[in-house]
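Peer 1: Provided below for reference: sequence and predicted model.
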Amino acid sequence: MDDTGYKHIGRPRAVVPAKPELITMPTLKIYSPSMQPELERIFETCFAALGWEYEPHGRHADILDIEKTYMESGCMWCLFEGGKIIGASAVRTIAPGVAEMKRLYVLPEYQGKGINAVILNYMIEEMVVRDIEFCETNLNLEDNSKVQSQWGEFETIQHKRRRCYIKDIK
């Protein structure tokens, strides 16, 4: 001990891994038709992980026509890591100064790692550049805390409510 009463325990030793991991930063790219097949697989994988059936000729038909649905009045972005798409999202203008945010999905193995935040941050920057003042999200379950926590920094108005009810029929 020294005169302060603290015991000197020596200098900490740096722990260096035998083989350092290389960290690659994901890259966000604007959708192009060449990404279509892989993007469809991404949505199908994400929907399956949520227990949903992928219906490309039904309620998910917008995914088959990204050019018309999103690129004419907005944009779709794909997030790449190591040459493969790991997430995607889209925004389209629905009125002057108002956009609709759609199809924000990240592959299950990349969830919980901040990938969603990377995509969302870029989308917000793009909306500011495009003079978007308000943004509508697609339906989010009101008790989905992961999704609801994304909007903590924004002034939000809940004007729609989405709930699921289960009733046993005997």
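Peer 2: Right, received. Where do you want to start?

Peer 1: what comes into contact with stretch 77-87?
Peer 2: 24, 26-31, 35, 38-39, 42, 88-90, 104-107, 110, 115-116, 118-119, 122-123 (Cβ atoms under 8 Å, 6 or more residues apart in numbering). For the C-beta atoms, the positions are set from N, CA and C on the backbone; glycine is no exception.

Peer 1: what pLDDT, on average, does it get?
Peer 2: Averaged across stretch 77-87, the pLDDT comes to 92.

Peer 1: Need the CA coordinates for it. CSV is fine.
Peer 2: Provided in CSV are the C-alpha atoms of stretch 77-87 (Å, rounded to 0.1, in the frame of the first residue of the first chain):
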residue,chain,number,x,y,z
TRP,A,77,-32.0,0.2,-50.0
CYS,A,78,-30.2,-3.1,-49.5
LEU,A,79,-27.5,-3.6,-46.9
PHE,A,80,-24.6,-5.7,-47.9
GLU,A,81,-22.0,-7.5,-45.8
GLY,A,82,-19.4,-9.7,-47.5
GLY,A,83,-21.1,-9.4,-50.8
LYS,A,84,-24.5,-10.6,-49.7
ILE,A,85,-27.7,-8.8,-48.7
ILE,A,86,-28.3,-8.9,-45.0
GLY,A,87,-31.2,-6.4,-44.8
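
Peer 1: any low-confidence regions in this structure?
Peer 2: 1-24, 137-163 (pLDDT under 70).

Peer 1: which residues in it form strands?
Peer 2: Assigned by DSSP state E, the chain shows strands spanning 27-30, 74-81, 84-95, 98-106, 134-137.

Peer 1: mind listing what's buried in the third one?
Peer 2: Residues of strand 84-95 classed as buried by neighbour count (16 or more other Cβ atoms under 10 Å): 85-93.

Peer 1: May I ask which two of the residues you listed are separated the most?
Peer 2: I86 and T93 (26.3 Å; Cβ to Cβ).
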